[in-house]
Structures are given as structure tokens and as C-alpha cells.
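Undergrad: Got a predicted model here, sequence first, then my questions.
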Amino acid sequence: MFSRRFFPRLAAALALGTVVLGAQAQALEGGPLHIVVGYAAGGATDRVARIVGDKLQARLGVPVIVDNKPGAGGRLAAQQAKATPAGQNVLMLANPAVMVVAPLVFKDNGYDAERDFVPVSHVNDYEFALAVSTAVPVRELSHLLAWMRANPEKANFGVPATGSLPHFFMMGEKAKVRAEVVGYRGSGPLLTDLIGGQVPIAFDTFDVDLPQHQAGKIRILAVSGAKRSPFAPEIPTFKEAGLDLVATGWNTFFASATMPKDKVARLSQEIREVMQDPDTQRRFKDTLMTPVVSTQAQTEAMLKAYRAQWAPVVQKSGYQP
């Protein structure tokens, strides 16, 4: 038999336990966390934001809301995130086009990628693919280069956006062939024209092209990683196929430089914990992207190295929007 004092003591103990647990999962000060994404819902960056956001909500004890702010290649989202008041909880999820390429080619971005933002956490990498229309009679990169030399009037390749990273791969220069870049308004229109044969060659993200390659609607000839993709190990890298090109993209969370350092540190650690979760990693792999577990210092180092790699390439291209 339990004494009359048992249940009050049990209630007190449970209450104490609740207090302790609450201290371990203290709600983020400042209300809901908004994740600003510079692209439309349903795209690759949006999917990453929602996977991470779903997991963060339980850890932070506040709602996590994905705010899609498409326009100007992601620069509108950066301008909005930069203007965040110090007391508000806003992160931006961005890729190299916004945080590396745009600052190099636009005279007035409306933001300074290095001064106005603090890197929080690098969460995934992705590769690019070179694909051809089935109307192009080639199955290997060496055959494509020969075809381009024999058909210079057709040697055009599409990219998902003018000024996106694939725009600066300079395939023509590396392959010593004339090649014109055709910029599209997103991966959807580019893929439609590639399948239909309106554009013979395309550089786009691997996750976009692989399902259509597997369905036989296009042919991927090479991937841009340093090694073959685990999602399609039968496809060679550019280096294996004879072209000196290695390139990866990424998604990284950034905070406005006005966000308090202790809050940035907590968000970085919480995202790192989320990225270690096996379910999170499975969901990333299901979208054909490689999950990354990174500290804030590692993220800063990655960005520094990436900018050092690509700044000379973009500047050499002479591209002007």
C-alpha cells in the first residue's frame, strides 16, 4: 500500500523532472524561427530547409517556418535576411550562387556576403551532371567533344540560370571547343528543353537529371565530383572521362551579423545534432544529396576555401549580368 504522502512526493518529483528537462530543451528566445529560402517551394534548397526545419522545431521548442522568397537568383532572400532585427530568429539557407558568385558579378547586390552574414552550419553537398539529349548520338564524353568540334553551330549547353555555378564551368575552354552558354529560368524549363531536344547539352544538378537519365529520356555522361556518385556509380567523373573539372555545390545556413553570438552558437550546435540523426541522413540521401555534419568553424573554413577556388574562375570568365 502506498502512503498518503507517496503521491504528493511523486508529483513533486515529476514536476522537478519536468523542470530539469525543460532546462535541457530551453525554448529559443525571440519566438518562431524563420528559415528564408531564395527559391520556390519544391526545389532542392526548399527541400533541405524543410527536412532540417522539421527536426529543429522539436529541439528549439518554437515553431520553425520556411519562408520562400524567390527572385533575383536568391538575392532577394539575402537582402531580406540581412535586414533582420537583432531580436528576431531568422536564418537563411543559401548556395554558392548567392554567397559566392553573385558578390563577384553584381556591382550592387544589396548585401555583402562576408560582412553582413555569419555562417552557421554547412548541411549538404551536391554534384552537377553533364547530360545530353537522346537526339545527340553520343554515349561518352570523348564522343561528345568530337561531336561538338564537328558541329560547332550546335555546340550550345544550357544551365539552370545565367550566373549560376555551372555557367562558369567553362567546358568549351577546357575542351578546346567553341561552346555557347544558354541560361534558363530554373531547372524545370532546362530539363524540358533537354528532353525535347531544343538544347543538346545541359549542366545541372545531379539530383535533377538522374531520374530522367534512369528513365532513358536523357543521358548523363559525367558527374562533377572528385569520385563517382554512390547514387549512380556506373557514371564516370569528368576527370575519369578526360576533362579536368571537379565541382560541388552546397547548402549552408547563415545568420544576419546582428544575431547575438550565443544564439548563433546554439543554432549551429542544434543543426549539427539534427544532421547526425540517422533519419535526417536517410531523408537527404533519398533526395540524392550528401548530408554534412559540420561545426561553425568547419563551415567557415569550407567557405574560405570555396571562395578561393571559384573567385578566380568567375573573374576570369569576364561575365557581366
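TA: Structure received.
Undergrad: low-scoring pLDDT stretches of this protein, where are they?
TA: Judged against pLDDT under 70, the low-scoring parts of the chain cover residues 1-25, 170-176.
Undergrad: The spatially most central residue of the chain is in what secondary structure piece?
TA: Central residue of the chain (Cα atoms, centre = their mean): N251, 3.0 Å from the mean position. Per DSSP states H and E, N251 falls inside strand 248-256.
Undergrad: circling back: I figured the residue nearest to the centre of the chain hits N124, correct?
TA: Yes: counting by Cβ atoms under 8 Å, N251 does reach N124; the two are 5.2 Å apart. The C-beta positions use only the backbone N, C-alpha and C, and glycine is treated the same way.
Undergrad: Next, show the common contact partners of the two.
TA: Shared contacts of N251 and N124 (Cβ atoms under 8 Å, 6 or more residues apart in numbering): V48, M289.
Undergrad: Remind me what the strand holding N251 packs against, helices and strands.
TA: The elements that strand 248-256 packs onto, with contact taken as 3 or more Cβ pairs under 8 Å, 6 or more residues apart in numbering; DSSP states H and E, are helix 44-60, helix 75-82, strand 89-94, strand 117-133, helix 261-276, helix 296-317.
Undergrad: Is it possible to get a markdown table of the ones you listed that adds distance to A226 and mean neighbour count?
TA: Listed next are these as a markdown table, based on distance: least, Cβ to Cβ, whole Å; neighbours: other Cβ atoms under 10 Å:
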| stretch | distance to A226 | mean neighbour count |
| --- | --- | --- |
| helix 44-60 | 20 | 20 |
| helix 75-82 | 29 | 22 |
| strand 89-94 | 23 | 26 |
| strand 117-133 | 9 | 25 |
| helix 261-276 | 21 | 17 |
| helix 296-317 | 12 | 15 |
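Undergrad: Indicate which one of these is closest to F238.
TA: Within those, the stretch nearest F238 is strand 117-133; the backing value is 7.3 Å (Cβ to Cβ).
Undergrad: mind listing what V48 touches?
TA: Taking Cβ under 8 Å, 6+ apart, one finds L93, V123, N124, N251, F284, T287, M289 in contact with V48.
Undergrad: If we use 6 Å, what do you get?
TA: When the contact criterion is Cβ atoms under 6 Å, 6 or more residues apart in numbering, the partners of V48 are N124, N251.
Undergrad: how near is it to L145?
TA: Taken as Cβ to Cβ, to the nearest Å, the spacing of V48 relative to L145 amounts to 34 Å.
Undergrad: Check T237 too.
TA: 16 Å.
Undergrad: The two: which has the busier surroundings?
TA: Per other Cβ atoms under 10 Å, whichever of T237 and L145 has more neighbours is L145, with 22 against 19.
Undergrad: quick one: contacts of the strand holding N251?
TA: For strand 248-256, contacts defined as Cβ under 6 Å, 6+ apart pick out 45, 48, 81-82, 84, 91-96, 117-127, 264.
Undergrad: Then stretch 153-169?
TA: Looking at what lies outside stretch 153-169 - Cβ under 6 Å, 6+ apart - the contacts are 73, 96-97, 105, 128, 148, 177-184, 186-187, 190, 199-204, 313-314, 317, 321.
Undergrad: Then stretch 220-239?
TA: When contacts are taken as Cβ under 6 Å, 6+ apart, the neighbours of stretch 220-239 outside the stretch itself are 127-131, 141, 144, 206, 209-210, 213, 241, 245-247, 288.
Undergrad: Now the two most distant members of the residues you listed.
TA: Maximum distance among those (Cβ to Cβ): 23.0 Å, for L144 and L288.
Undergrad: who has more neighbours, these two?
TA: Neighbours were tallied for L144 and for L288 using other Cβ under 10 Å; the higher tally belongs to L144 (27 against 20).
Undergrad: from the middle of its chain, how far away would the helix or strand containing I195 be?
TA: Secondary structure here is read from DSSP H and E; on that basis I195 sits in helix 187-196. When distances are taken as Cα atoms, centre = their mean, to the nearest Å, helix 187-196 is centred 20 Å away from the chain's centroid.
Undergrad: That helix: what's the following helix or strand?
TA: Beyond helix 187-196 in the direction of the C-terminus, DSSP H and E gives the next helix or strand as strand 201-205.
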